[in-house]
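**Q** below is the sequence, then the predicted model.
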Amino acid sequence: MSLFNKLLIAATALGLLLPEPGIALGGLALLPLSISTFFSLIASRQKVRLETGGLKTGAIYSYVFLTGAMLLASLFMPAGIREGLVMYAIFPPAIAVLVLSREWGGNASRVFAFQLIAYSLSIVFVPAAAYLLLGGVIDASTLLAQLVLAFVVPGALSFLIEVKNKQLAADASGAFLAILFYIMIAKSQPWIVANWAMLLSVMAPLAALNAAVGYAAYRLTKDPDAVLYALLKNGGAAAAVSLGMLAPAAIAIISAKTLVDVGLILGFGRLWQKK
């Protein structure tokens with residue numbers, strides 16, 4: 001199990017058992033997100049190579065397969081959870097996809113190019129999609145400002161700095177993302193404790209659906225990048241920008257989905273261990 005996965009599990013336990021500091025830090029959730037994005041981009045930066053095949057893979061498996069599956073599932077979810085799942089669905093792929101692509105033997109340069117485009121377009125796409133799908137629940141202008149702080153600012157700064165120890169930068173990114181995850185869990189802890197049975201009943205079929213989408217991508221392509229796109233969205237960012245705008249149930253479902261993602265990574269990663 002990677003250091004990041006261990007940190008994520010530890011953050012979950014801490015958020016459930018000691019939520020008070022995380023609740024107090026709720027207003028600063030964008031800070032660890034921005035710092036994590038900054039270190040992640042430093043750790044993964046490489047030459048950009050635009051290829052039609054790579055862009056097509058990302059668009060199909062992240063935005064048609066995974067976004068489509070999550071939006072479909074949201075139609076059957078209770079209010080509160082529904083909004084959180086919609087927010088998760090419309091965000092770009094997790095930044096960790098690039099690191100995992102390298103570990104699983106994918107084409108990291110194609111993933112990097114797609115991620116740059118996806119995150120750049122998300123500044124417009126996410127607020128527009130949120131407004132269309134959620135209406136007045138989301139303040140589109142506030143969401144836009146938060147995305148600029150979370151993605152554009154750290155992205156611009158990352159191109160000004162070069163580091164030799166990219167693994168250290170990747171670990172720093174994971175540590176700050178774990179801090180964000182702790183805040184997410186802590187903020188939704190009262191709701192999770194009061195509604196844990198309902199959360200489990202929702203997450204079981206949702207995890208099965210996501211695993212089925214990932215397996216479909218595997219059967220169709222045998223491409224680790226396609227599988228990663230079909231499994232992972234940037235749940236941390238989705239939760240961070242939703243704090244203060246959506247109900248605790250929404251933050252809880254995004255947090256739970258992000259934790260499920262760890263299990264999916266561990267499970268599907270076994271397909272590529274010998275490749």
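**A** Sure thing, it's come through.

**Q** which parts of the stretch 151-275 of the chain are helices?
**A** 153-158, 166-194, 196-221, 224-231, 235-242, 248-269 (DSSP state H, counting those that start in this stretch).

**Q** in a markdown table: those helices, plus distance to Ser44 and mean neighbour count.
**A** Bear in mind the C-beta positions are built from the backbone N, C-alpha and C, glycine included. Output for the helices of the stretch 151-275 of the chain, formatted as a markdown table (distance: least, Cβ to Cβ, whole Å; neighbours: other Cβ atoms under 10 Å):
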| stretch | distance to Ser44 | mean neighbour count |
| --- | --- | --- |
| helix 153-158 | 9 | 16 |
| helix 166-194 | 7 | 22 |
| helix 196-221 | 21 | 16 |
| helix 224-231 | 13 | 28 |
| helix 235-242 | 16 | 28 |
| helix 248-269 | 16 | 22 |
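
**Q** export the ones you listed as TSV, with columns for distance to Tyr131 and mean pLDDT.
**A** Formatted as TSV, these follow (distance: least, Cβ to Cβ, whole Å; pLDDT from 0 to 100):
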stretch	distance to Tyr131	mean pLDDT
helix 153-158	23	87
helix 166-194	23	87
helix 196-221	24	93
helix 224-231	25	95
helix 235-242	13	87
helix 248-269	16	87
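
**Q** tell me which of the ones you listed sits nearest to Pro92.
**A** Smallest distance to Pro92 across the helices of the stretch 151-275 of the chain (Cβ to Cβ): 8.2 Å, for helix 235-242.

**Q** cross-check the contact I'm expecting between Gly15 and Ile179.
**A** No: at 10.5 Å, Gly15 does not count as touching Ile179 under the criterion of Cβ atoms under 8 Å.

**Q** gap between Arg102 and Ala43?
**A** 10 Å (Cβ to Cβ, to the nearest Å).

**Q** these two: which has the busier surroundings?
**A** Ala43 (22 against 17; other Cβ atoms under 10 Å).

**Q** secondary structure element for that one, which one?
**A** Applying DSSP states H and E as the criterion places Ala43 in helix 30-44.

**Q** and that helix with helix 166-194, angle?
**A** 140 degrees (axes from the mean of the first three to the mean of the last three Cα atoms, to 10 degrees).

**Q** give me the angle between helix 30-44 and helix 235-242.
**A** Orientation note: helix 30-44 sits at an angle of 150 degrees relative to helix 235-242 (the same axes, to 10 degrees).

**Q** could you export helix 30-44 as PDB, CA atoms only?
**A** Output of helix 30-44 as PDB, limited to C-alpha atoms (Å, rounded to 0.1, in the frame of the first residue of the first chain):
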ATOM      1  CA  LEU A  30      -8.900  25.400  -0.500                       C
ATOM      2  CA  LEU A  31      -5.400  26.000   0.900                       C
ATOM      3  CA  PRO A  32      -4.300  22.300   1.200                       C
ATOM      4  CA  LEU A  33      -6.000  21.600  -2.100                       C
ATOM      5  CA  SER A  34      -4.000  24.300  -3.800                       C
ATOM      6  CA  ILE A  35      -0.700  23.300  -2.200                       C
ATOM      7  CA  SER A  36      -1.400  19.600  -3.100                       C
ATOM      8  CA  THR A  37      -2.100  20.600  -6.800                       C
ATOM      9  CA  PHE A  38       1.100  22.700  -6.800                       C
ATOM     10  CA  PHE A  39       3.300  19.800  -5.600                       C
ATOM     11  CA  SER A  40       1.600  17.300  -7.800                       C
ATOM     12  CA  LEU A  41       2.200  19.300 -10.900                       C
ATOM     13  CA  ILE A  42       5.900  19.800  -9.900                       C
ATOM     14  CA  ALA A  43       6.300  16.100  -9.400                       C
ATOM     15  CA  SER A  44       4.600  15.100 -12.600                       C
END
